[in-house]
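> Mind folding the following:
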Amino acid sequence: MMDRYLSGEGDVKPNTISFTSVIDAWANSGDKRGPSRAEQIMRKMDELSKLGDQDLRPNTKTFNAVINAYVKSGDKGSTSKVKQLLAEMEQRSKKENNLKPNTVTHIQYCH
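Have a look, this model is predicted:
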């Protein structure tokens, strides 16, 4: 989708919802690369939004999808990664209202 948009097809412009859907697909894929790939996509969204594309700003749902990917993986180190992401959300939410941890965030954290 991003390639098509960058090649001039303005009617397929990705946004936070479409990127978060892709992240969620990685979280549910069962693929070993799922958690790291989900986080990479979120970090790319963040990078692009800081360059001015506010339609790609990660939000609470985006972070929750990445957290979900780590929780579902059960991999060694996933608990510390979830803690790190939650701490990042809490820190950033002081300036960015769209990143406030919610009930879903905390339920995932408890797993």
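
> and the gap between Asn15 and His106?
Going from Asn15 to His106 by Cβ to Cβ, to the nearest Å gives 26 Å. The C-beta positions use only the backbone N, C-alpha and C, and glycine is treated the same way.

> try Ile23
Ile23 is 19 Å from His106, by Cβ to Cβ.

> From the neighbour counts alone, determine which of Asn15 and His106 ranks first.
Comparing Asn15 with His106 by other Cβ atoms under 10 Å, the one with more neighbours is Asn15, at 14 against 10.

> Identify the residue nearest the more buried one in space, chain neighbours excluded?
Asp55 (4.4 Å; Cβ to Cβ, 6 or more residues apart in numbering).

> What's the per-residue pLDDT of the one you found here?
Here, the pLDDT recorded for Asp55 equals 91.

> distance between the ends of stretch 48-68?
The first and final residues of stretch 48-68 sit 23 Å from each other (Cα to Cα, to the nearest Å).

> cool, and stretch 67-81?
End-to-end distance for stretch 67-81, by Cα to Cα: 8 Å.

> Can you give the contact residues for that stretch?
23-24, 26-28, 32, 34-35, 38-39, 82, 85-86, 105, 108-109, 111 (Cβ atoms under 8 Å, 6 or more residues apart in numbering).

> Just the ones of those in strands?
Using DSSP state E, no member of the contacts of stretch 67-81 falls in strands.
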